[in-house]
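Chemist: Got a sequence here, can you model it:
(chains A, B, C and D)
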There are 4 protein chains.
Amino acid sequence: MGATVPDALALRIRSSFDSQGLMRHLGARIDAIRPGTVVLHLPFRPELTQQMGYFHAGGTSALADSAGGYAAMTLFDPTDDVLTTEFKLNLLNPARGERLEATGRVVKSGRTLSICQLDVHALRDGARHHVATGLQTLMRVRMRGPTP
Amino acid sequence: MGATVPDALALRIRSSFDSQGLMRHLGARIDAIRPGTVVLHLPFRPELTQQMGYFHAGGTSALADSAGGYAAMTLFDPTDDVLTTEFKLNLLNPARGERLEATGRVVKSGRTLSICQLDVHALRDGARHHVATGLQTLMRVRMRGPTP
Amino acid sequence: MGATVPDALALRIRSSFDSQGLMRHLGARIDAIRPGTVVLHLPFRPELTQQMGYFHAGGTSALADSAGGYAAMTLFDPTDDVLTTEFKLNLLNPARGERLEATGRVVKSGRTLSICQLDVHALRDGARHHVATGLQTLMRVRMRGPTP
Amino acid sequence: MGATVPDALALRIRSSFDSQGLMRHLGARIDAIRPGTVVLHLPFRPELTQQMGYFHAGGTSALADSAGGYAAMTLFDPTDDVLTTEFKLNLLNPARGERLEATGRVVKSGRTLSICQLDVHALRDGARHHVATGLQTLMRVRMRGPTP
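Modeler: The predicted model follows:
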């Protein structure tokens, strides 16, 4: 799909992402912003591990949650914000590798609720391994200006 | 309940927790280790925020996931390890406050799988606010030594 | 808790339950309607089994879903209706017994969304066995009359 | 994919499905059995409705749960059986139509656990509407014969 997100909206998403202290603290970056899809990645660091030295499920889910939230926002008005209502993540394989890549894809964009599919891959020795898949429900938060 | 976890097992849990790079990087601490229950907390820092300045759902879920994992371990043999199979978290209220407190409670401890209930509260101005509730499935990983 | 649901609302819930073809087809009944809690039960019948002769997870989840939906309604205006947004159920033990009992409890009743905890027990030889626990997100549907 | 499931295994799945009292009671049928995928359908009947006259989420989830369980079995040895550990379903749109069609697809087939994606469509006036999407964790149950 060659479809693109309007500049104002893409800018708003990047600016929101930059304001997330946690994404910066973990070292996450935006890979792609397309209508209904956002891809983030997270390079490996010892600061992200669980007790066996792999990526901690908490980091995996933080990245997946943000990817889904911004995917939902790509289909919103630029003035709307988003809050995660709930999400569920299945951890399929040990999250080992040089980086994680999380993709959020909108399955349904409703007036109030959006549903996203979340997938996380680990890049290891040049191959992509599916480490997590999930579903997320998000709520649109309308940021209204003062009513006249 | 005045029941306690055997010293060797409590030590093993603390040592596993200390080896989780992510828990240290976020600033999480252990509050309590009891049979079937573990409580962790996470003091607020700007490094843990989402775009509105509250705790990021990713931090909330990282803390909840670890609390549940160690709760499951309190009922294991000291040589067993644990992996999260899946979890689901409902974010009930904005995670605002001076600290988050995550409690993992074992609902069922099976031979292969354990199920935990996860609850996260935010401490704000002296009151506890329920910010998330969830369910988690964990798998016991048997660490066998060499068989004679 | 001796608190009771207003008569008009209890009547509305019973009437809605009676209009659910599936609950009648399965043979489910209402046990209790209290503010924030609804208990349903389902007597065993061969028509409700899976391949091993236990209650099918589908029947367990149908009962749990209805219990949660009506629990949410106990805190609504009598004119509001409810739709399940999502639910997640962990099946803890084989659902064997003379009857299933599902309890829906409201964890949070928001303006738009309600969150319920779902628990299902099997009654077998005089004992209650916890067979499933879950979480459910529901949406309030406002049934407005014609605006003047 | 033209791949097929071995006859003995397909027969075992059909026989297991036929032994599920609930699937027969609801009126569900098998549409397709392929390696890693099973499709079931459920014609509309007033016995399957919720209070608004649509398919009840409980019927939707019963069908989805069985589709996923049998999808997992397509990749098992014919002597293994399967139990649902947990599942989560997002209800995307009202389940209105002449029939529901549920597809279970194996995302990961592990030694102990299988993970399936569940999707349910309603067929209405010649069009397919996506009414539910979910994730399911299943456990392989090894049916061993007597050891010599």
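Chemist: And the strands in chain A, which stretches?
Modeler: A:29-34, A:37-43, A:81-91, A:99-109, A:113-124, A:127-141 (DSSP state E).
Chemist: closest one to C:R140 among those?
Modeler: strand A:113-124 (12.2 Å; C-beta to C-beta). Where you see a C-beta, it was placed from the backbone N, CA and C, and this is true even at glycine.
Chemist: May I have that closest one exported as PDB, CA atoms only?
Modeler: Taking C-alpha atoms only, strand A:113-124 is exported to PDB below (Å, rounded to 0.1, in the frame of the first residue of the first chain):
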ATOM      1  CA  LEU A 113     -13.200   2.100  20.400                       C
ATOM      2  CA  SER A 114     -10.400   0.800  18.200                       C
ATOM      3  CA  ILE A 115      -9.100  -2.800  18.100                       C
ATOM      4  CA  CYS A 116      -5.600  -3.500  17.100                       C
ATOM      5  CA  GLN A 117      -3.600  -6.600  16.300                       C
ATOM      6  CA  LEU A 118      -0.100  -6.600  17.800                       C
ATOM      7  CA  ASP A 119       2.800  -8.600  16.600                       C
ATOM      8  CA  VAL A 120       6.400  -8.600  17.800                       C
ATOM      9  CA  HIS A 121       9.300 -10.100  16.000                       C
ATOM     10  CA  ALA A 122      12.900 -10.500  17.200                       C
ATOM     11  CA  LEU A 123      15.700 -10.000  14.600                       C
ATOM     12  CA  ARG A 124      18.400 -12.500  15.300                       C
END
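Chemist: who does the nearest residue to A:R128 once chain neighbours are set aside bridge with?
Modeler: Computed as C-beta to C-beta, 6 or more residues apart in numbering or on different chains, the closest residue to A:R128 that is not its neighbour in sequence is A:H121, at 4.5 Å. For A:H121, the beta-bridge partners are A:E101, A:H130 (DSSP bridges).
Chemist: so A:H121 makes contact with A:V131?
Modeler: Yes. Applying C-beta atoms under 8 Å as the test, A:H121 and A:V131 come out as touching, 6.3 Å apart.
Chemist: The two: who's more crowded?
Modeler: When neighbours are counted by other C-beta atoms under 10 Å in any protein chain shown, A:H121 and A:V131 differ, and A:V131 comes out ahead with 27 against 22.
Chemist: show me what contacts the more buried one?
Modeler: A:55, A:60, A:91-95, A:100, A:120-122 (C-beta atoms under 8 Å, 6 or more residues apart in numbering or on different chains).
Chemist: Pick out whichever of these sits closest to B:L113.
Modeler: Nearest member of those to B:L113, counting by C-beta to C-beta, is A:L91, at 13.3 Å.
Chemist: what residues does chain A put near chain C?
Modeler: A:85-86, A:88, A:112-113, A:135, A:137, A:139 (C-beta under 8 Å from any C-beta of the partner chain).
Chemist: Next, format those residues as TSV and append neighbour count.
Modeler: TSV is the format used below for the residues of chain A next to chain C (neighbours: other C-beta atoms under 10 Å in any protein chain shown):
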residue	neighbour count
A:T85	24
A:E86	28
A:K88	27
A:T112	13
A:L113	21
A:L135	25
A:T137	24
A:M139	19
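Chemist: Which of the strands of chain A sits closest to D:G36?
Modeler: strand A:127-141 (14.1 Å).
Chemist: and the closest one, what's its mean pLDDT?
Modeler: Mean pLDDT, strand A:127-141: 97.
Chemist: ok, A:Q20 touching B:Q50?
Modeler: Yes. Judged on C-beta under 8 Å, A:Q20 makes contact with B:Q50 at a distance of 5.2 Å.
Chemist: Among these two, which residue is more densely surrounded?
Modeler: B:Q50 (28 against 23).
Chemist: can you pull the contacts of that one?
Modeler: A:20-22, B:56-57.
Chemist: mind checking how far A:R24 is from A:R34?
Modeler: As defined by C-beta to C-beta, to the nearest Å, A:R24 lies at a distance of 23 Å from A:R34.
Chemist: for A:A67, same thing?
Modeler: 12 Å.
Chemist: What of A:V120?
Modeler: Distance from A:V120 to A:R34, by C-beta to C-beta: 18 Å.
Chemist: One more: A:A72?
Modeler: A:A72 is 13 Å from A:R34, by C-beta to C-beta.
Chemist: For A:L100, see how far away A:A64 is.
Modeler: 9 Å.
Chemist: Now distance to C:A28 too, for the strands of chain A, in a markdown table please.
Modeler: Converted to a markdown table, the strands of chain A look like this (distance: least, C-beta to C-beta, whole Å):
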| stretch | distance to C:A28 |
| --- | --- |
| strand A:29-34 | 45 |
| strand A:37-43 | 41 |
| strand A:81-91 | 26 |
| strand A:99-109 | 29 |
| strand A:113-124 | 28 |
| strand A:127-141 | 27 |
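Chemist: low-scoring stretches of chain A, by residue?
Modeler: Counting by pLDDT under 70, chain A has low-confidence residues at A:1-2, A:144-148.
Chemist: So which residue is dead centre in it?
Modeler: By C-alpha atoms, centre = their mean, chain A has its centre lying nearest to A:A67, at 0.9 Å.
Chemist: wait, what's in contact with that one?
Modeler: If you count contacts by C-beta under 8 Å, 6+ apart, A:A67 has them with A:38-40, A:102-104, A:118.
Chemist: who's in contact with the residue nearest to it when sequence neighbours are not counted?
Modeler: Nearest residue to A:A67 in three dimensions, chain neighbours excluded: A:G104, at 3.5 Å (C-beta to C-beta, 6+ apart). A:G104 makes contact with A:37-39, A:64, A:66-72, A:116-118, A:136, according to C-beta under 8 Å, 6+ apart.
Chemist: Next, work out how far apart A:G104 and B:L135 are.
Modeler: The value you get for A:G104 to B:L135, if C-beta to C-beta is used, is 22 Å.
Chemist: With A:V82 instead?
Modeler: A:V82 sits 24 Å away from B:L135, going by C-beta to C-beta.
Chemist: mind listing what A:N90 touches?
Modeler: A:132-134, B:85-86, D:107, D:115, D:135, D:137.
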